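# Sequence unavailable; structure follows:
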């Protein structure tokens, strides 16, 4: 499913990795729990994945690249329901006990076995085109803010607003298909600060010292998320002399942007001089992370990403899957930022947050 070349640990994880790193943030069970009986948390999360099946099935039915897609989409739904129900009855079935990495991996596996490679392709392409047409406007609004602290906060708000475009959340998928999403309105309508985890003031103070030589950003969704959220933020870092590595999935998963899609997006946004609205792009690198899911286990990344990121001094994990459901408590050898919106009630409950609350977790490493 993943890259043919050997997957290796991300080099900036705190070592020893075995005792310091656990990918999944929310423990579904504890050692004292009966291994053969699903815990209430496991059942709640299995139900969350069960509830998302209709929206995945609907996308799969209309996949023009798969012959007899409606029949195969029905098979996907049946098979994945069976797997999830099996896990409720016996949490150790299908490679369990379940956690968010395993539940995502099994869903992708069933889709791919039936020939579904990228069921969100059309909506991703449509959203990328829309966002590309808005990119200049969003960047110029940012550039017009003279106060550096306010400009950084505006860029951060843009990341949260973009991150709303997430078709892995059943409620958001429904809202999106109903009335689309306005980026600028989303920026203004974020839940008020302080957010559930809110280290923005500390981050702004560090930002003002222009400290980072190289930042690695694990990116999330297509459309507004990458184009109107992450890229204006990355452009600001480039303008300040920071090298930027954007790490994107190797294979499609939900509406997450892939490495080939990101290369194409950047080529469309560059001007004839290879600049991004006046900013030199020679210090921007796009990396294939080796990942194929909406969550990420950082003990398994591509060697290409390792090569590009081993000398970075800032790691950013963006989005609920990579930065909250996995890796929220991951410790790194350098500064790190986990940024994402809380889009599942189960995550909100775990964090003691409001639904659509924001997580901005910045950890500074004092060398």
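Alright, I've got the coordinates. Small disclaimer: the values here were computed from a predicted structure and weren't measured.
# how about the strands in the protein?
Under the criterion DSSP state E, the chain contains strands at 197-198, 214-218, 243-248, 275-276, 279-280, 284-288, 314-318, 335-341, 358-363.
# Which of these sits closest to residue 325?
Closest to residue 325 of the strands of the chain, according to CB to CB: strand 335-341, at 8.7 Å. To be clear about C-beta, it is placed using only N, CA and C from the backbone, and glycine gets the same treatment.
# So for the protein, which residue is the most central one in space?
Most central in the chain under CA atoms, centre = their mean is residue 220, positioned 3.1 Å from the mean C-alpha point.
# circling back: tell me which of the strands of the chain lies nearest to residue 5.
Across the strands of the chain, closest to residue 5 is strand 284-288 (CB to CB), at 10.0 Å.
# Mind giving me the packing neighbours of that closest one?
In terms of contacts (3 or more CB pairs under 8 Å, 6 or more residues apart in numbering; DSSP states H and E), strand 284-288 is packed against strand 243-248, helix 259-269, helix 303-309.
# Mind doing that once more with 10 Å?
The helices and strands touching strand 284-288, judged by 3 or more CB pairs under 10 Å, 6 or more residues apart in numbering; DSSP states H and E, are strand 214-218, helix 231-239, strand 243-248, helix 259-269, helix 303-309.
# Can you tell me the strand partners of the third one and which way each runs?
According to DSSP bridges, the neighbouring strands of strand 243-248, each with its direction, are strand 214-218 (parallel), strand 284-288 (parallel).
# And the next helix or strand past the first one?
The first helix or strand that comes after strand 214-218 along the chain, using DSSP states H and E, is helix 224.
# Quick one: list the elements packing against that next one.
Using 3+ CB pairs under 10 Å, 6+ apart, helix 224 sits against helix 121-143, helix 148-163.
# where are the low-confidence patches of the chain?
1-4, 165-184 (pLDDT under 70).
# Now with 80, please.
Applying pLDDT under 80 to the chain flags residues 1-5, 164-188, 367.
# right, and residue 217 touches residue 238 too?
No - in this structure residue 217 lies outside contact range of residue 238 using CB atoms under 10 Å: 11.6 Å.
# Any idea which of the strands of the chain gets closest to residue 61?
Comparing these against residue 61 with CB to CB, the closest turns out to be strand 243-248 (26.9 Å).
# Quick check: residue 79 vs residue 286, distance?
34 Å (CB to CB, to the nearest Å).
# one step back: okay, the helices and strands packed on helix 224, which one's buried deepest?
Most buried of the helices and strands packed on helix 224, by mean neighbour count (mean count of other CB atoms under 10 Å): helix 148-163, with a mean of 21.
# can you give me the angle that one makes with helix 121-143?
Taking axes from the mean of the first three to the mean of the last three CA atoms, to 10 degrees, one finds helix 148-163 and helix 121-143 inclined to each other by 170 degrees.
# thinking again about what came up before, as JSON lines, the strands of the chain with distance to residue 32 and mean neighbour count would be great.
JSON lines is the format used below for the strands of the chain (distance: least, CB to CB, whole Å; neighbours: other CB atoms under 10 Å):
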{"stretch": "strand 197-198", "distance to residue 32": "28", "mean neighbour count": "18"}
{"stretch": "strand 214-218", "distance to residue 32": "34", "mean neighbour count": "25"}
{"stretch": "strand 243-248", "distance to residue 32": "37", "mean neighbour count": "24"}
{"stretch": "strand 275-276", "distance to residue 32": "53", "mean neighbour count": "18"}
{"stretch": "strand 279-280", "distance to residue 32": "54", "mean neighbour count": "14"}
{"stretch": "strand 284-288", "distance to residue 32": "41", "mean neighbour count": "20"}
{"stretch": "strand 314-318", "distance to residue 32": "30", "mean neighbour count": "26"}
{"stretch": "strand 335-341", "distance to residue 32": "29", "mean neighbour count": "25"}
{"stretch": "strand 358-363", "distance to residue 32": "29", "mean neighbour count": "22"}
